[in-house]
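**Student:** Need a 3D model of the following:
(2 chains)
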Amino acid sequence: MKSLQRSFKELLRYPSAVASLAIILVLLIVSAYTLIAIPYGEAIVLWRGGENIWYQSPKNAPPAWTNFFTSKKLVETMIFNTDDEDINKTYEVSEAGNQTVTFEFPIDYQFDTFPQELTLFTKGTFVEKAPFISIVLVTPDGREIRITDFAVQKTGTYRFSQDDRLARRVGNQFPHEAIFAQPGSDPLVPLKGEYVMKLSLVTFEADSDVDAELVVYGQVYGIAGTDHLRRDLKVALLWGIPVALAFGLLAALGTTITTMSISAIGTWYGGWVDELIQRITEVNLVLPLLPILIMVGTFYDRSIWTILGVTILFSIFGGGIKTYRAIFMQVKESPYIEAARAYGAGSGRIIFQYLVPRIIPMLIPQLVTLIPSYVFLEASLAVLGLGDPVLPTWGKVIQDAQSNGALYQGLYYWVLEPAVLLMLTGLAFAMLGFSLDRVFNPRLRGI
Amino acid sequence: MTENNVVVDTRTEHKEGKLLTIENLQVWFELRRFGFGNAGYVKAVDGVNFDLHYGEAIAVVGESGCGKSSLMKTILGLNIPTRGEVTFDGTKISGMGTKGLKWYRSQVGYVQQDPFGALAPFMTVERILEEPLIINGVKSKTERLRRIHKTMEEVKMFPVDDFLNKFPHMLSGGQQQRVVIARAMIMEPKIIVADEPVSMLDASVRVEILKLMRGLQETHNLAMIFITHDLSTVRFFSERIFVMYAGKMVEKSPVDELLDDPRHPYTLALLAASPEPDAANAHTYKEVPPGEPPSLVTPPPGCRFHPRCPHVIKGLCDEKEPPEFLTGPEHYTACWLFQSEQA
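**Tutor:** Here you go, the predicted structure:
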């Protein structure tokens, strides 16, 4: 215990170790937060739920913080809903017994560009006669633009951009752009200010009402942006952290510990046991892991746990067997092992209490440097389309980006975000591994 | 002191008689060709006989590669004899089975040459001493600690608690060797096998360690097998001395008898080669037997020393292996030169 503490203190003398520990700590905190804030079930719904989960987000929108780096302020998504507290419906009953309902959506428009799209989602409550809605937009300079009027069905979607009549009214422009433009500008220049969207309803039945939701789709969204399916990339990027860490750690631990144990057993018993292990290793070393994993993914199962299992299975008899064997051969001949045999220690005890502890100091740095290689392996598989079909991971984000031409469309954020996270993880573990190596194997310090 | 006396009383039953008998012991290692196929044997120990009595200390002397380490490891139960038998207290160790062998190993303590290498670097002194107890089924931690304390006091490491949590690299060479001796003693063995126990130590600590071992031997009536090539410590240490050459015992004798009246030509050469601290010797040239020790795979026929022997008898020494001739009180020499004396 004391020696561990001392090693840790020594480790903190290396700035790279401190930096890597900080990165790993942040990754751990964020993954703990993710697992609590977006539990597995919710994450799956958010990532694979379908249009009715994602309808409120814009398509292919970069993250909102890109506004800090551009001179033009891009439109951020705004959502108005009659359920919101600050939206008040006023009810008036006319002489004919009809009821008029009016409500307003105040749009504070302070952007230098136009929204991607405007959509009004409506939900009518009625028995026979559908209520009738008319929409007017009041611009900051006092103009009133009549948008449309229609009978509200049980559910309805009105897309501003697809209204041809509105397009004609605003001078054959894209309606969702023209209504926010300075009159007469060509090309269109946005008019900043307070817009008010006035919606008035006429209902023909006693309990008839309409709930409405207006979504102004921005050009930027959230802290991570969205993809081609309007999905919030935040979900995949956040969930990618625990998945990557768990995969890397489990694979590294699983392979290192079993490899070391097998190597120790082979070296200790020698003879045909050692021969067998060495021959299996030599055969296994020439087998390519990636094609085998692709085969397993294509023909059997793409679950991350299957892939993890196969990865561990094929990595056990890897180069590590040979490296550890070289060390064990040396330790095996130590006088203290001979002494242990002389006082009656059994083979099992000698292997696990006398041989193995000797190489733990060499093992820990190797294990830590091995973690990112498995994280990258998982990402590579996902990029090749063999990622886990359910779990959101970094590799899958990159694959989506690639298959939807993200770079061709200039959507750099889509590729860069997961790539940066991957590199950060790799960097952190690699730096930690190198520092640990220097602490545990002081001969390397000069290098 | 009173406590020590109690220990002595409970442990030493000054038994007489044979404790360990070695009969015609052969330890051969097979040489392989291309990983399989026999390419001969390394005859490390080739026909060794001797008895070891309770409480007796013997020294096995010989140059490097003469088979003394293989002999020692066979006595420890680490090598399996090719032929011959090791009998401990009336029981043959080849017929002991796994459990019996474990018990036998607890009865034989092992003190190694290099004290630092003999101690696992990642274990504390407490753990090092605890291991043999755990392995031999001492379940209770308090009992284990009691025995560790007792043994540590016997090897004179005071105060015991200051040492228990130390790692071997924190101890001096002498302290390390004391821990090695404590580990050998902790199972209260009947025999201690010591492989050049002081050759890696500073001259200043050698005497102390030797005195300590001699003291332990006397208090516990331990039999001791002392393997060395340093003849200067032999007289201090042991009652009998065996000279080994190329896998065979060439001379067996009480220490004083052998040092005063060495018989075998090899023993003579060995004694002549040991340095005497005298300034006058700076310019003297010592005669050493010509040639190298023979190959243990194909040893010379007859007496193994004959190619290097200055007194070789043609037609006898190079053809027939010499039996052991009695050349003095309890003094046996395997050399044809003493054929007549026998008769």
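**Student:** Just the helices from the stretch 301-447 of chain A, written as ranges.
**Tutor:** In the stretch 301-447 of chain A, the segments counted as helices under DSSP state H, counting those that start in this stretch are A:304-316, A:319-332, A:335-342, A:347-349, A:356-381, A:394-403, A:412-440.
**Student:** Please work out the average pLDDT along the shortest one.
**Tutor:** Right, the one you point to is helix A:347-349. Averaging pLDDT along helix A:347-349 gives 91.
**Student:** Pull the residues that contact it.
**Tutor:** With contact meaning Cβ atoms under 8 Å, 6 or more residues apart in numbering or on different chains, helix A:347-349 is reached by A:268-269, A:340, B:135. In this view, the C-beta of every residue, glycine as well, is placed from N, C-alpha and C.
**Student:** what's the answer for stretch A:58-70, then?
**Tutor:** Applying Cβ under 8 Å, 6+ apart, the contact partners of stretch A:58-70 are A:73-74, A:76-77, A:116-117, A:217-230, A:409, A:411, A:413-414, A:417.
**Student:** burial count for residue 58?
**Tutor:** Just going to use chain A. Neighbourhood size, residue A:58 [other Cβ atoms under 10 Å in any protein chain shown]: 24.
**Student:** was after chain B, sorry
**Tutor:** Neighbours around residue B:58, by other Cβ under 10 Å: 23.
**Student:** wait, is it part of a strand?
**Tutor:** Yes: using DSSP: H, G, I helix; E, B strand; the rest coil, the assignment for residue B:58 is a strand.
**Student:** returning to what we had before: looking at the contacts of helix A:347-349, which two lie furthest apart in space?
**Tutor:** A:269 and B:135 (19.0 Å; Cβ to Cβ).
**Student:** Please say which of those two ends up with more neighbours.
**Tutor:** Shown here are residue A:269 and residue B:135; by other Cβ under 10 Å, residue B:135 has more neighbours (19 against 13).
**Student:** Give me the phi and psi for the more buried one.
**Tutor:** Phi and psi for residue B:135, reported as degrees, to the nearest 10, are phi -60, psi -40.
**Student:** Assign residue B:43 to helix, strand or coil.
**Tutor:** Here residue B:43 is strand, with the state taken from three-state DSSP.
**Student:** again, but for the one 5 residues further on
**Tutor:** Classification of residue B:48 using three-state DSSP returns strand.
**Student:** ok, it - contacts?
**Tutor:** Counting by Cβ under 8 Å, 6+ apart, residue B:48 has contacts B:22, B:24-26, B:71, B:84, B:244, B:247-249.
**Student:** Quickly note the distance from it to chain A.
**Tutor:** Remark: distance between residue B:48 and chain A (Cβ to the nearest Cβ, to the nearest Å) = 20 Å.
**Student:** Spatially nearest residue to that residue (excluding sequence neighbours)?
**Tutor:** Nearest residue to residue B:48, sequence neighbours excluded (Cβ to Cβ, 6 or more residues apart in numbering or on different chains): residue B:25, at 4.6 Å.
**Student:** correct me, but that neighbour touches residue B:49?
**Tutor:** Yes: counting by Cβ atoms under 8 Å, residue B:25 sits close enough to residue B:49 to count as a contact (7.4 Å).
**Student:** more neighbours, these two?
**Tutor:** Taking other Cβ under 10 Å, residue B:25 and residue B:49 do not tie; residue B:25 has more neighbours (23 against 14).
**Student:** Quick check, pLDDT for the closest residue to residue A:296 other than its chain neighbours.
**Tutor:** Nearest non-adjacent residue to residue A:296, counting by Cβ to Cβ, 6+ apart: residue A:310, 5.2 Å away. For residue A:310, the pLDDT comes out at 91.
**Student:** Contacts only, for residue A:310.
**Tutor:** Residues near residue A:310 by Cβ under 8 Å, 6+ apart: A:292-293, A:296.
**Student:** Of these, grab the buried ones for ChimeraX.
**Tutor:** Of the contacts of residue A:310, the buried ones can be selected in ChimeraX as follows, counting by 16 or more other Cβ atoms under 10 Å in any protein chain shown:
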select /A:293,296
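**Student:** ok, the contacts of residue A:310 vs residue A:7, which is closest?
**Tutor:** Within these, distances to residue A:7 taken as Cβ to Cβ reach their minimum at residue A:293, with 35.3 Å.
**Student:** my guess is that closest one is in a strand, correct?
**Tutor:** No: using three-state DSSP, the secondary structure at residue A:293 is helix, not a strand.
**Student:** Count the residues that sit near the one residue in the stretch 201-343 of chain B that gets nearest to chain A.
**Tutor:** Across the stretch 201-343 of chain B, the shortest distance to chain A (Cβ to the nearest Cβ) belongs to residue B:225, at 12.9 Å. Counted by other Cβ under 10 Å, the residues lying close to residue B:225 total 25.
**Student:** can you map out the helices along chain B?
**Tutor:** With helices called from DSSP state H, chain B shows them at B:2-11, B:68-75, B:97-107, B:115-118, B:125-135, B:141-154, B:160-164, B:173-185, B:203-220, B:231-237, B:255-260, B:265-273, B:339-342.
**Student:** could you dump these to a markdown table with distance to residue A:176 and mean pLDDT?
**Tutor:** Formatted as a markdown table, the helices of chain B follow (distance: least, Cβ to Cβ, whole Å; pLDDT from 0 to 100):
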| stretch | distance to residue A:176 | mean pLDDT |
| --- | --- | --- |
| helix B:2-11 | 99 | 42 |
| helix B:68-75 | 91 | 89 |
| helix B:97-107 | 87 | 87 |
| helix B:115-118 | 82 | 90 |
| helix B:125-135 | 76 | 92 |
| helix B:141-154 | 79 | 93 |
| helix B:160-164 | 81 | 89 |
| helix B:173-185 | 85 | 93 |
| helix B:203-220 | 94 | 88 |
| helix B:231-237 | 102 | 78 |
| helix B:255-260 | 111 | 86 |
| helix B:265-273 | 107 | 85 |
| helix B:339-342 | 123 | 70 |
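**Student:** List only buried entries from the contacts of residue B:48.
**Tutor:** B:22, B:25-26, B:71, B:84, B:244, B:247-249.
**Student:** and the two most separated of these?
**Tutor:** The span of the buried ones among the contacts of residue B:48, defined through Cβ to Cβ, is set by B:84 and B:244 at 15.2 Å.
**Student:** Would you mark the buried spots in the longest helix along chain A?
**Tutor:** Identified as the longest helix of chain A according to DSSP H is helix A:233-269. Neighbour counts over helix A:233-269 (16+ other Cβ under 10 Å) mark A:233-245, A:247-252, A:254-256, A:258-268 as buried.
**Student:** chain center to that helix: distance?
**Tutor:** 21 Å (Cα atoms, centre = their mean, to the nearest Å).
**Student:** I'd like the distance from residue A:55 to chain B, if you could.
**Tutor:** Residue A:55 sits 61 Å away from chain B, going by Cβ to the nearest Cβ.
**Student:** Could I get the contacting residues of the closest residue to that residue other than its chain neighbours?
**Tutor:** Spatial nearest neighbour of residue A:55, chain neighbours left out: residue A:230 (6.9 Å); criterion: Cβ to Cβ, 6+ apart. Shown in contact with residue A:230 (Cβ under 8 Å, 6+ apart): A:51, A:54-59.
**Student:** That concludes my questions; thank you for your assistance.
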